[in-house]
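**Q** can't give you the sequence, but here's the structure:
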């Protein structure tokens, strides 16, 4: 579900994490996986680890146990996105080595340590705002949330829309929504 603890990772296409659990990864040739100084598995409960494993397996399109630039491209293409080579390179360059499942968890652990910056969350919505108006029609957003990635139920979307900035024309103002997520309502 969308919350202040949701993780959006990349400032471009990987941002769609709010709607699909994706993260920047690489399979850098010749590099060995880097080990974390602490046990990253201790940062998550078993249910979370299982969900991350499912996400990892969805992204690891060639099923070689590592997520590489090609895996990212294929996964994003399956979502209707066509990232440029430069965008994929930017995603890959955020990793410190080949991305196996332990590195994947480490990257998420680092990102989940705090909430994502406002621009990161906004960029997740901008993936689906072709006109860059700052708005997405609520029916379109509902369809995306219920059919892509970690699918929401209609009840979960209804819950998210309660109190959300939606105008009389059904336009969801994601900039205002992000401010609400990050800073709460003015009444709080």
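**A** Cool, the structure landed. From a predicted model like this one, the values you see are computed outputs, not experimental measurements.

**Q** which residues touch the closest residue to residue 125 other than its chain neighbours?
**A** Excluding the flanking residues, the one nearest residue 125 by C-beta to C-beta, 6 or more residues apart in numbering is residue 174, at 3.8 Å. Heads up, the C-betas are built off the backbone N, CA and C, glycines and all. With contact taken as C-beta atoms under 8 Å, 6 or more residues apart in numbering, residue 174 is in contact with 122, 125-126, 129, 134-136.

**Q** would you turn these into CSV with secondary structure and distance to residue 152?
**A** Formatted as CSV, these follow (DSSP: H, G, I helix; E, B strand; the rest coil; distance: C-beta to C-beta, whole Å):
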residue, secondary structure, distance to residue 152
122, helix, 19
125, helix, 15
126, helix, 19
129, coil, 18
134, coil, 22
135, strand, 19
136, strand, 14
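
**Q** just give me the closest of those to residue 58.
**A** Nearest to residue 58 among the contacts of residue 174 is residue 125, at 21.1 Å by C-beta to C-beta.

**Q** I'd say the closest one and residue 135 touch.
**A** No. In this structure, residue 125 is not within contact of residue 135 by C-beta atoms under 8 Å, at 9.2 Å.

**Q** and these two? Which one has more around it.
**A** residue 125 (25 against 21; other C-beta atoms under 10 Å).

**Q** coming back round to it: filter the contacts of residue 174 to the buried ones?
**A** Neighbour counting by 16 or more other C-beta atoms under 10 Å classes 122, 125-126, 129, 134-136 among the contacts of residue 174 as buried.

**Q** tabulate the residues you listed in CSV, adding columns for distance to residue 107.
**A** Output for the buried ones among the contacts of residue 174, formatted as CSV (distance: C-beta to C-beta, whole Å):
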residue, distance to residue 107
122, 21
125, 22
126, 22
129, 26
134, 29
135, 31
136, 27
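
**Q** just the closest of those residues to residue 76, please.
**A** Nearest member of the buried ones among the contacts of residue 174 to residue 76, counting by C-beta to C-beta, is residue 126, at 14.4 Å.
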